[in-house]
Structures are given as C-alpha cells and as structure tokens.
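In: Return atomic coordinates for the entry below.
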Amino acid sequence: MLLFSLTLLQASAACLLTGLLLWGLLSLAQRRWPALAAQRSVWLGAQLVLTTAFLLPLLPDSQQLSVVPEVAVPVALVNQAFIAPADMALPAVAASVPSGAAWLALVPTAWGLIYLLGLAYSAWRYQRGRAMMHTLLTLAHPRRLHGLEVLQVDAPISPMLVGVWRPRLLLPAHLAQFTPEQQQLVIAHELTHARRRDPLFLLLATILQALLWFNPAARWLAGKLAWAQELGCDRHVLAGRSQRQRQQYAAALVKQLGLQAQSLRGLAFGGSKDGMIDRLVRLRDGQPCMAPALRALTALVLCAIGAASLALQPALAWTAATVPAEITAPPATAPMAWRNPLASMRVTGFFGVVRPTNPNGLRGLDLAARRGTPVQAVADGIATVSEDARLGKAVRVDHGGGWQSLYAHLDSVNVSNGDAVTSAQLIGTVGDTGRATGPHLHFQAWHNDQLQDPQSRLAGLDANASVRALRMRKEQFGR
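Out: Residues are numbered from 1 along each chain as shown. Predicted coordinates for the structure are as follows:
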C-alpha cells in the first residue's frame, strides 16, 4: 500500500509535468500551423500520451524503464501512518525519524484519498449529464425531417448527436425558424459526426479526462479535441460548396448560438461561443490543410514526449531502514558460524532491505544461482520438507538450541521429513518455485521462532554481494 501510494504521487507529478510540456509545445505549434486545430488525431494522441505517462509507472516493474538516478524516499516516516495486514505487521523503525517530519508520511496516503474522491466526483458529473440527456430524450418526439427519422424537443439546446453505438439526432423545435437549406446543412453536420465515429472518440476522451481530473492539461486537451471535431465536420460539410452556401452555414451557426440557452456536453452544432470568430473565418475562407509530413512529425514528437516522460521518471529508493516486526536482534551469545548454503555465494538481496517486491523488508537473503545448483545444509539438524504458493518447495532444518535454517524456491528436494542431515549435506537444488522472479535461493535464519539476520551466522557475505545489493543496504541501514 505504501509503495503504491508513493508511486501514485510520483506518477501524478510526472503527469503534471508532461501536461505542461504538451501544453507549451502544442500551443506554439498551433500558432505556427493553424491547421493543427482541426486535427482530432493530434489532440487525442496527446491525451493518450498524457494518460500513458500517468498509468505506466503504476504497473509492476515499470521503474526499470528509468534512466536517471533513484530518488530517496524516507520510508521510516511511515511507522505510525500506515496500517498493514494483521499477518504482516508494519515495519518498526530502525533509523531515527527527524523531529517534525512525520507528517510527510501522510502525503502519499492523503493524495491517494483525494485522487479517489476526484474520480468519484468525475463519475458523478458524468452520471448527472447522462440523467439530463435522458430527461431531454423522454420529452422528445419522433418526427421526419428531410426524409430522416429524428427526435425533436421544445428546449433551447443545440442540434446534437446522442449516443455512442447507435447515435440518434436530437433537434430543437426552434430549428423550424431556419431556412430549408440551413436545416439541411445543420443535419449534414451532425450526420458527419456519426460517419467519423466522433461519439466514440468523445467517450474515450471523457474517460481519459476523468482519470486525469487533477491535470489542467487534460481538460485543455479534451476541449481542443471537441473543437477539432467541430472544425473537421465543418470542413467535410462545406467541401466543394459555393460561397453562398458557406454564408448560409455561418448564418445558421450564429443564429443557433443566439437561440440556445446553454451548451450541453456532446457533439452539438452550436456548441460554445469561445473561438467563434476563428471558426467563422475558417467557414468564409476555407480551412488550411495539414501536410502529411507535418502529421508524421507531430506523431513523432508526441511519441518522444511520452517516452521521455517515462525514461526520465526516477525510480524510488529508500533512505531509512524498515524491518519486519518479526525480525529481532540476534541473541547476545550466538553459537558458532554456519557454513554457506551454496559453494559459490552471490548475494543479491540483504536481510530487511525494502524493495518493490518486498515492501515490508526482505525476510532473509537472496542468493543468485543457476537452476540445479546444489544447496547444502549449513549445519547438522533434522529436516522438514514443505511446499506452498509463496516459498515453493522448501526445506527447514532444525539445528537445536532454538536455531533453524530455511531454504526456499528449490527446484528439487533430496531429503524427507524427519531425516537427519549433516553439515554440507546436499538437501536440494536451486530453482524458482513459488513466488520467485527467477532461479535463486532464498535463505532464512530463525531463533526461537523469530526471524534473524543470516549475516550474523554466515561469513564473507559483503565480499560476495552485488553492487546494487550493497548500495540498497547502505541507503537504508547506513552500512
């Protein structure tokens, strides 16, 4: 939960920065190339890039895409701020917490709650809009206009297309005040929306905007997409028509804006008054075309922004040690050291270290080895064999005096329950059974049913550890 909350906060910040970059670049590009305003693919593509920048970091192992150094996160601050499941208690703080800084631990959780509330509010607004549209449809009456089956309602709204999979044409009664030619142009505009599958694009944009409700750039891009859909329909309807018909179309648009009381969400002929001067100029002079090369360049720039937003997001690192509640310090009088469980040791994860796959701290040692590598008992004892979904095939050896060793994720087991084993005896081979990301040996040490740091019983681990394992331990434990 902690790791996800921190990642959500990081993904939200990255989404805001990506949105700022998209807003700046696309605003400059639109000034240089006005034809960009009518390209719905550009604005929808920008929304998809923004959503990818937000969602992809939330997926497992996505931080591996990062090419920048890790950012330190004070994990120790969460001791009192988060509640873990009963069978995996929250970490006990193993490093001192700076006075007055504990409130920082609440920031990720608070943002997670705020984000969920924002999603709920977006869903409520969408449902309210649907209810309003349903009310209009219940008041509408079917009729035929210019050979088409339409719904007519006596309300000051814009002519619009309603529905996604089976769009229906909803027309206001005041459309009768328009000339027959203007009526035909208005209906042609809405039918063009249906042929271009604009309702489906509008639904997708609404979903993306709800996911990114916190980002002003998402709302800006959604508005630009809706505007591009209107300009695109204008271009298709007026293609090849005379200047007089263009004037009739513009007059119908101005008249509709004067009659409608408000602009409803959807594909409407009148729409908003914002940018209407630019739209009328385009109706009069015709809309500029966007060269294929410019389209390809725009797509390439959007892909580059998306890739950069992911590659430049730093992975999360940890600055304070967190140790599972079951972990305790080794007894003051520990017996003699054990022999190593593998002939060739390669430590890739130290005890207690927090990783994305172990947010509550590693409960033992992770030792890299090929599948089939012999695993040997660290000391004399009595073996117990088990297998479960988490540890896979495992052997536990009771060495007496309350001490036990555990060997997990084995590929094969060479002992049976109750067998007496001797130090260095083969008890199994390395594998990746259970919840493992690859072949390795997970080794645990126990004393009186309490987890212990195996480093207190095994010698030479630092000299045989990977650079990453040593670095993570130093970041968290300072050693």
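In: For the rest of this, base every contact and every neighbour count on C-alpha atoms.
Out: OK.
In: Which residues does the strand or helix carrying residue 281 contact?
Out: Secondary structure from DSSP states H and E places residue 281 in helix 276-285. When contacts are defined by C-alpha atoms under 8 Å, 6 or more residues apart in numbering, helix 276-285 is touched by residues 231, 234, 238, 243, 246, 247, 249, 250.
In: Give me the mean pLDDT for stretch 135-151.
Out: Averaged across stretch 135-151, the pLDDT comes to 79.
In: how long is it end to end?
Out: Counting by C-alpha to C-alpha, to the nearest Å, you get 13 Å between the two ends of stretch 135-151.
In: Could you pull out the buried residues of it?
Out: 136, 137, 140, 150, 151 (16 or more other C-alpha atoms under 10 Å).
In: So which other helices or strands are in contact with the very next helix or strand once past the helix holding residue 281?
Out: Counting by DSSP H and E, the next helix or strand C-terminal to helix 276-285 is helix 292-311. Counting contacts by 3 or more C-alpha pairs under 8 Å, 6 or more residues apart in numbering; DSSP states H and E, helix 292-311 packs against helix 2-32, helix 40-55.
In: any idea how far residue 159 is from residue 184?
Out: Distance from residue 184 to residue 159, by C-alpha to C-alpha: 12 Å.
In: ignore the last one, residue 408
Out: Residue 408 is 68 Å from residue 159, by C-alpha to C-alpha.
In: Please apply the same query to residue 23.
Out: Residue 23 is 31 Å from residue 159, by C-alpha to C-alpha.
In: More neighbours: which of these two?
Out: The neighbour count for residue 23 versus residue 159, taken as other C-alpha atoms under 10 Å, is higher for residue 159 (26 against 18).
In: for the protein, what's the longest strand?
Out: Across the chain, the longest stretch assigned as strand under DSSP state E is strand 403-413.
In: Can you name the residues in contact with that one?
Out: Under C-alpha under 8 Å, 6+ apart, the answer for strand 403-413 is 371-372, 378, 391-399, 427-436, 439-448.
In: ok, of those, which come out buried?
Out: Using 16+ other C-alpha under 10 Å, the buried ones in the contacts of strand 403-413 are 371, 378, 391-399, 427-434, 436, 439-447.
In: Where helices are concerned, which of the residues you listed count?
Out: Among the buried ones among the contacts of strand 403-413, no member is found in helices (DSSP state H).
In: for the record, mean pLDDT for stretch 387-398?
Out: Rounded mean pLDDT across stretch 387-398 is 93.
In: List the contacts of the residue nearest the centre of the chain.
Out: When C-alpha atoms, centre = their mean is applied to the chain, the residue found nearest the centroid is residue 55 (1.9 Å). For residue 55, the contact set (C-alpha under 8 Å, 6+ apart) comprises residue 11.
In: Do you know the pLDDT at it?
Out: The model's pLDDT for residue 55 equals 86.
In: hmm, back to that, name the nearest of the contacts of helix 276-285 relative to residue 129.
Out: Nearest to residue 129, judged by C-alpha to C-alpha, of the contacts of helix 276-285 is residue 231 at 23.8 Å.
In: which residues does the closest residue to that closest one other than its chain neighbours contact?
Out: Distances taken as C-alpha to C-alpha, 6 or more residues apart in numbering put residue 38 closest to residue 231, at 5.3 Å, once the chain neighbours are dropped. By C-alpha under 8 Å, 6+ apart, the residues touching residue 38 are 227, 228, 229, 230, 231, 232.
In: about what we covered before: output the contacting helices and strands for the next helix or strand after the longest strand of the chain.
Out: Next along the chain after strand 403-413, taking DSSP H and E as the criterion, comes strand 420-421. Helices and strands touching strand 420-421, by 3+ C-alpha pairs under 8 Å, 6+ apart, are strand 381-388.
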